[in-house]
Each structure stands twice: as C-alpha cells, then as structure tokens.
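*Asks:* what's the 3D shape of this:
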Amino acid sequence: MSVTEWLAMALALGLGCWALLSGPRRFGVGLTAALALLAWGLALTPLLWLGLAAVALLLGLAVAFPQRRPFVWLQGSEHRPRDWSRWRDITQWLLVGAMAAAGAQYALHVWQLDSGIPSVARPDVVDAFLPIAGLIQLKGLLELGLWDAHHPAGLVMLLAAIGLSLTVKRAFCGWACPIGWMGEQGYQLRRRLLPLNWRERLAAMPNWLNRSVSIVTLVLDWALRLVKYGILAWLVNLLLAGMPAMMVARYLQGPYHQAADLKMWALFTQPSAGMLMGLAVVVLLALVRRNGVCRYLCPYGALMAMVGALSPYKIRRDTARCLREAKGMNCDKCHRACPSRIHVEVVGTVHSDECHACQRCVAACPVKGAVTLSAPGRRWPLSPRAMVLVIIGFLFVMPLFFYAAGLWGSDTSPMMRMMLWQRLENLPLF
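*Replies:* Here you go, the predicted model:
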C-alpha cells in the first residue's frame with residue numbers, strides 16, 4: 001500500500017476506536033485499540049489475522065445477543081439528529097479526504113511518468129474508479145477463477161461495495177460514495193445561492209394545472225430512473241454477449257487493460273468536446289435535482305440498488321409508535337427529510353430502490369424507535385456508531401485481508417507503466 005493508503009487506514013482505525021470510545025459501553029475498547037496498534041506496528045503479520053478474527057467474533061456476538069451487555073450500545077441509547085449527521089459527515093469526509101489524497105499522489109505519479117520511472121508510488125486504490133474493468137475482472141473470477149494481477153484493488157473495492165449493499169442496502173451511496181457527496185455539496189450550495197422554490201410555485205398554481213404538472217413530473221422521473229438500469233444492462237450485455245470467457249482472459253493480460261487507469265486519467269485530463277458536454281450535463285443535473293446523478297445516471301447505483309434489495313436491513317416504521325397512527329397526527333417529517341422523497345410515513349417497510357440507508361428519516365422522526373434501519377421484525381436496529389463500524393469493516397478492514405493475502409497490489413512494474421504511458425494512444429486491445 002502507498003503512503004496515502006496507509007494514512008487512510010490509520011484514520012479509519014482511529015475513527016473506529018472513536019466509535020467504540022464514544023459509546024456508553026466501553027467493553028473491549030482497550031483490546032480493540034491494542035489489536036489495531038499491534039497490526040499496524042507488525043505490518044500485517046499473521047497476528048493480524050488473529051486480531052481481526054477476535055474483532056469479527058465480538059461483532060458476531062453483538063449480533064447474536066443484542067440485548068446482552070456489553071453489546072447493547074450497538075443499538076444506541078440516544079436519539080439525536082446531530083449524532084446521525086455527525087457520524088455520517090465524519091465518515092464521508094474521511095473517505096473523500098482519503099480519495100483526494102490518493103488522487104494527488106496518483107497525479108504526481110503520472111506527472112513523473114513523462115520523465116522516466118516515477119519515484120512516487122502509484123496508489124492502488126485508484127483502481128476503484130475503473131467500473132468496467134472491475135466488472136470484467138468479476139466475470140473472469142466467476143467463470144475462469146482468474147484473479148487479475150494488474151488492477152486487483154478495483155475488484156476488491158467492487159466486492160466490498162457489493163458486500164456492504166448486501167448487508168445494509170445502499171449505504172455505500174448514502175455514507176461513502178465521494179461522487180454522491182460532491183453532488184450533495186453542490187446541490188446545497190445551489191439552494192443557498194439560487195433557491196428555486198418549485199414546490200411553492202406549484203402550490204400557487206390552479207389545482208388542475210398543479211395535478212397535471214405533478215403527473216408529468218412523476219412519469220418523467222420514473223422514465224429517467226430507468227436510464228441507470230439501461231446503462232448497467234448495456235454493460236452486463238457487453239460482458240456476457242460481447243466478451244466470451246477466453247476473450248476475458250486475453251484482455252486481462254493485454255496492455256490495454258494494464259493501462260486502464262492511465263486511459264481513465266487521460267480521459268478526464270484531456271477531455272474531448274463530447275466529454276465536456278457530458279460532464280456539464282452531470283454537473284447541471286446534480287445542481288438541479290438532489291441525488292440527481294445517483295438517481296438517474298449512475299450504473300453502480302443501479303447495481304447497489306439491485307444487490308441491496310436482498311439486504312435484511314431496511315428502513316422500517318413501527319405503527320404503534322408512529323405519531324400518525326398512535327396519536328392521529330399528520331406527521332411526515334421522515335418524508336421531508338428523505339433526499340429521495342420516499343413516503344416513509346405511509347409504509348411499514350421501505351423497499352424502494354432509491355433508499356440510500358442514510359438514516360435522515362430516522363434522525364428526523366421525533367419518536368425514538370418509530371423509524372429504524374433494522375432487520376425483519378424491527379430487530380437489531382443500527383445506531384450511528386454501528387453503521388460506521390460496518391462501513392469501516394467493509395471498506396477498510398476487508399481490503400486489509402486482501403493486502404495481507406497479497407491480492408491488493410498491482411504487479412505492473414513502474415517501467416512497464418512508463419512504456420504504456422508513452423504508447424497510450426496506440427495500445428492494442430489484446
């Protein structure tokens with residue numbers, strides 16, 4: 001791992017320890033911190049496996065016996081919106097900062113390729129931004145048992161994101177995705193500088209016109225939401241029909257795949273007119289519609305939504321506690337807090353593919369336990385701290401396992417990268 005990757009890992013372990021220390025129950029905090037420091041100091045020796053196994057055992061016991069001390073704190077005793085916002089913001093800033101640092105290091109690496117073999121190491125985590133290559137690698141792994149040696153970190157991060165979605169729905173989109181975070185920041189900035197107030201203007205229209213506009217908007221929204229699934233279907237069809245298994249094996253060994261990250265870098269640093277127009281559309285959509293890119297264009301979001309449908313954890317509403325049924329109040333704070341405008345207040349369980357598990361609806365609910373991200377039967381609801389630990393487990397601890405097994409770093413030598421960079425425009429596909 002590169003310097004920036006080790007720094008991100010250290011910050012993630014620190015955040016995990018902070019999550020443990022901030023809980024009302026402090027059982028195992030010293031042991032966990034000691035294991036983290038031991039793993040760091042011994043540079044991932046076999047003792048790390050023992051430490052990670054101990055942590056996994058503790059978390060397994062917490063799931064199996066959620067009401068037993070000292071695991072009660074995982075469900076959270078407080079119900080304060082600032083806790084959800086604080087933990088989500090910290091997690092997003094950590095991931096965005098880590099990717100920004102890795103991007104800066106990668107930029108220096110590519111810049112040095114022009115003058116010879118670079119002295120700045122290439123951070124392997126940038127392979128996470130090679131979605132098509134990751135899907136090809138996944139096909140090679142499933143059909144041929146091949147583990148790609150040139151961009152393995154991309155497949156590791158794809159598997160981590162899929163595992164996270166299988167566990168806690170689209171939490172990767174709501175808590176981790178740097179693209180989604182930038183879209184949210186841009187949208188909030190646009191709201192402050194240029195508020196459009198569409199809903200107020202619709203309310204001022206005649207009733208028939210209001211209904212007509214609402215129907216057209218709903219139909220258009222549904223149609224646009226299919227775009228990301230169409231892009232994903234095109235990619236899957238390209239892999240299944242357009243690239244047989246043996247072609248996949250040849251591609252993964254070819255120079256074009258070895259230079260996939262360099263190709264992606266050149267695409268964004270030397271954009272064509274069409275690329276600039278596409279980026280302009282993406283930026284405009286992010287500014288006008290909250291979660292617009294995630295909702296309409298992102299094929300990874302479509303994949304996470306399909307995988308997340310299998311997750312046992314979903315947003316669930318307890319009608320016995322909800323103010324609408326319990327006291328007959330017309331409360332819809334959960335709906336108004338939802339970035340995807342899901343009508344949480346009228347369903348028992350949210351099955352929408354647009355739910356990002358961000359828990360803004362949980363934070364907005366005035367009654368503790370009325371809305372939760374929980375397993376069937378509203379069991380084992382996740383607190384902000386528990387969600388942070390789950391995310392760190394998949395996006396940081398899981399890559400550590402692959403790194404310890406020698407399945408993280410690229411085998412492409414710096415000299416080969418220099419040659420690929422110099423011949424980037426004339427590389428054969430196989």
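*Asks:* going forward, measure contacts between C-alpha atoms and count neighbours the same way
*Replies:* Will do.
*Asks:* Report the next helix or strand after the helix or strand that contains Ala161 in sequence order.
*Replies:* Element membership for Ala161 (DSSP states H and E) is helix 152-168. Once the chain leaves helix 152-168, the next helix or strand it forms, by DSSP H and E, is helix 171.
*Asks:* how far away is the residue nearest to the spatial centre of the chain from Cys298?
*Replies:* Residue closest to the average C-alpha location in the chain (C-alpha atoms, centre = their mean): Phe172, at 2.6 Å. Using C-alpha to C-alpha, to the nearest Å, Phe172 is found at 13 Å from Cys298.
*Asks:* go on, His109?
*Replies:* For His109, the distance to Cys298 (C-alpha to C-alpha) stands at 28 Å.
*Asks:* show me what contacts Arg360?
*Replies:* Residues counted as contacts of Arg360 (C-alpha atoms under 8 Å, 6 or more residues apart in numbering) are 81, 84-85, 334, 337-338.
*Asks:* Report the lowest-confidence entry in those residues.
*Replies:* Minimum pLDDT for those is recorded at Pro81 (55).
*Asks:* Which segments of the protein make up each domain?
*Replies:* Following automatic domain parsing, one finds the domains of the chain at 104-309+386-426, 314-378.
*Asks:* Any chance of JSON lines for those domains, columns distance to Gly14?
*Replies:* Listed next are these as JSON lines, based on distance: least, C-alpha to C-alpha, whole Å:
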{"stretch": "domain 104-309+386-426", "distance to Gly14": "10"}
{"stretch": "domain 314-378", "distance to Gly14": "22"}
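*Asks:* right, and those domains - which one's nearest Leu7?
*Replies:* Among the domains of the chain, domain 104-309+386-426 comes nearest to Leu7, with 11.5 Å by C-alpha to C-alpha.
*Asks:* Start and end of that closest one, how far apart?
*Replies:* 27 Å.
*Asks:* likewise stretch 390-409?
*Replies:* Stretch 390-409 stretches 24 Å from its first residue to its last (C-alpha to C-alpha).
*Asks:* low pLDDT regions in the protein?
*Replies:* Within the chain, the stretches with pLDDT under 70 are 17, 20-83, 198-205, 210.
*Asks:* Most distant residue from the centre of it?
*Replies:* In the chain, the residue most distant from the centre (C-alpha atoms, centre = their mean) is Pro206, at 42.0 Å.
*Asks:* so where do the helices sit in the stretch 51-200 of the chain?
*Replies:* Under the criterion DSSP state H, counting those that start in this stretch, the stretch 51-200 of the chain contains helices at 81-113, 131-144, 152-168, 171, 178-193, 198-204.
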